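J.: Coordinates for the following, if possible.
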Amino acid sequence: MSTAVRRPRAAAHAAASAPAAADHEGPGLAAVARLLADGTRASFCLALLDGRAWTPTELARSAGVAPSTATEHLNALVAGGLLTEERQGRHRYVRLADQQVAELIENLAAVAPPRPATPPRTLSADSRRRALEHARTCYDHLAGRVGVAIADAMTERELVDWEHGLRLTPSGERWLSELAIEVPSTVRRPALRPCLDWTERRPHLAGTVGAALCGHALEAGWITRVGSTRAVLVTPAGRVVLAERLGLSEAVLTPAPR
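T.: Residues are numbered from 1 along each chain as shown. Just a heads-up that it's a prediction; the model follows:
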């Protein structure tokens, strides 16, 4: 008598379709991985996390490569769908394709193994690193030590709730309204989403709420951009608001001394 066990038809179908799905998606995933496996292309994507459009010359300068080399790498990133380009007359600008790509870059940076600590080559390099660690934009929301501190403070004050998935509470909605922060309604993007911070290794707030908070902070002068980097600095006005509204200390809002 045969002892073979007959699998349910649905299970057999799932088992048969799984390899097909893997065969279909595998090459695409490998193609994206190859694009980001190059150090120059990866550095371009990290620079573009500031949410702004850059010229090839600006990106070449930031990565320390020749303009012709930058153009070759940017063409590959555009063709691969990670970047999109805009042309104004003779000028070419590139930016990250969308929020999904920005989240991919930030998440990969967060899980990347930490590099061995090496002394900075120049004082400006050390200052830039410290500024990025303290506060920066992650595409369109706040990151770094300040971004994580804001997420922690909003959690402690029950403005956001993590128990059943990250969400804005009624108190959080009133808090935003009191600060005149308008959050656009969209079905394409969640209101709140945790984004793992690549320097703090803890989450800061993304989604439409995170973007609205960052955008308002820039427009109201609570934070200001630092040069052409994605680092931001909390202004005196911002220190007052964040201290009064979230209880953030002066130590948190001040960049660490050299």
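J.: So which bits of stretch 171-183 are buried?
T.: 172, 175-176, 181, 183 (16 or more other Cβ atoms under 10 Å). From N, CA and C alone the C-beta is placed, and that goes for glycine too.
J.: Now do the helices in the stretch 1-150 of the chain.
T.: Secondary structure of the stretch 1-150 of the chain (DSSP state H, counting those that start in this stretch): helices at 9-36, 39-47, 56-63, 67-79, 99-111, 123-134, 144-156.
J.: State the distance from Pro113 to Trp198.
T.: 12 Å (Cβ to Cβ, to the nearest Å).
J.: Neighbour count for the two, which is higher?
T.: Trp198 (23 against 5; other Cβ atoms under 10 Å).
J.: Wait, the more buried one touches Ala110, no?
T.: Yes. The pair Trp198 and Ala110 passes the contact test of Cβ atoms under 8 Å, sitting 4.0 Å apart.
J.: Pairing partners for the host helix or strand of Thr224, with directions?
T.: Element membership of Thr224, judged by DSSP states H and E, is strand 223-225. Paired with strand 223-225 in the same sheet, following DSSP bridges, are strand 232-234 (antiparallel).
J.: Identify the residues contacting the partner strand?
T.: 131, 135-137, 142, 146, 218, 222-226, 242, 253-255 (Cβ atoms under 8 Å, 6 or more residues apart in numbering).
J.: Which of those residues sits closest to Gln88?
T.: Proximity of the contacts of strand 232-234 to Gln88 (Cβ to Cβ) peaks at Arg225, which lies at 21.2 Å.
J.: quick one: contacts for the closest one?
T.: 50, 137, 218, 231-233.
J.: now, among those, which is nearest to Ser62?
T.: Using Cβ to Cβ, the contacts of Arg225 come closest to Ser62 at Asp50, 10.8 Å.
J.: what about the strands in the stretch 101-250 of the chain?
T.: Residue ranges of the strands in the stretch 101-250 of the chain, as given by DSSP state E, counting those that start in this stretch, are 136-138, 141-143, 160-161, 167-168, 193-196, 203-206, 223-225, 232-234.
J.: which outside residues touch the fourth one?
T.: Counting contacts by Cβ under 8 Å, 6+ apart, the residues outside strand 167-168 that touch it are 159-161, 176, 191-192, 209.
J.: Please check the residues you listed and keep the buried ones.
T.: Buried members of the contacts of strand 167-168, counted by 16+ other Cβ under 10 Å: 159-161, 176, 191-192, 209.
J.: farthest-separated two in these?
T.: So, those by Cβ to Cβ: farthest apart are Asp161 and Leu176, at 14.5 Å.
J.: ok so, going back, the contacts of strand 167-168 in helices, which ones?
T.: The members of the contacts of strand 167-168 that map onto helices under DSSP state H are 176, 209.
J.: For the contacts of strand 167-168, give me TSV that also has pLDDT and distance to Ser43.
T.: Output for the contacts of strand 167-168, formatted as TSV (pLDDT from 0 to 100; distance: Cβ to Cβ, whole Å):
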residue	pLDDT	distance to Ser43
Leu159	97	35
Val160	96	33
Asp161	95	37
Leu176	96	35
Ala191	91	32
Leu192	93	29
Val209	95	29
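J.: Nearest to Arg34, out of the contacts of strand 167-168: which one, please.
T.: Leu192 (32.9 Å).
J.: need the contact list for the closest one.
T.: Going by Cβ under 8 Å, 6+ apart, Leu192 touches 160, 166-168, 205-210.
J.: What of Ala110?
T.: Contacts of Ala110 (Cβ under 8 Å, 6+ apart): 196-198, 201.
J.: Out of these, show me where the pLDDT dips lowest.
T.: Within the contacts of Ala110, Trp198 has the lowest pLDDT, namely 81.
J.: Give me the neighbour count for the residue lying closest to Val78 once chain neighbours are set aside.
T.: The shortest distance from Val78 to any non-neighbouring residue, by Cβ to Cβ, 6 or more residues apart in numbering, is to Glu85 (5.4 Å). Using other Cβ under 10 Å, Glu85 has 15 neighbouring residues.
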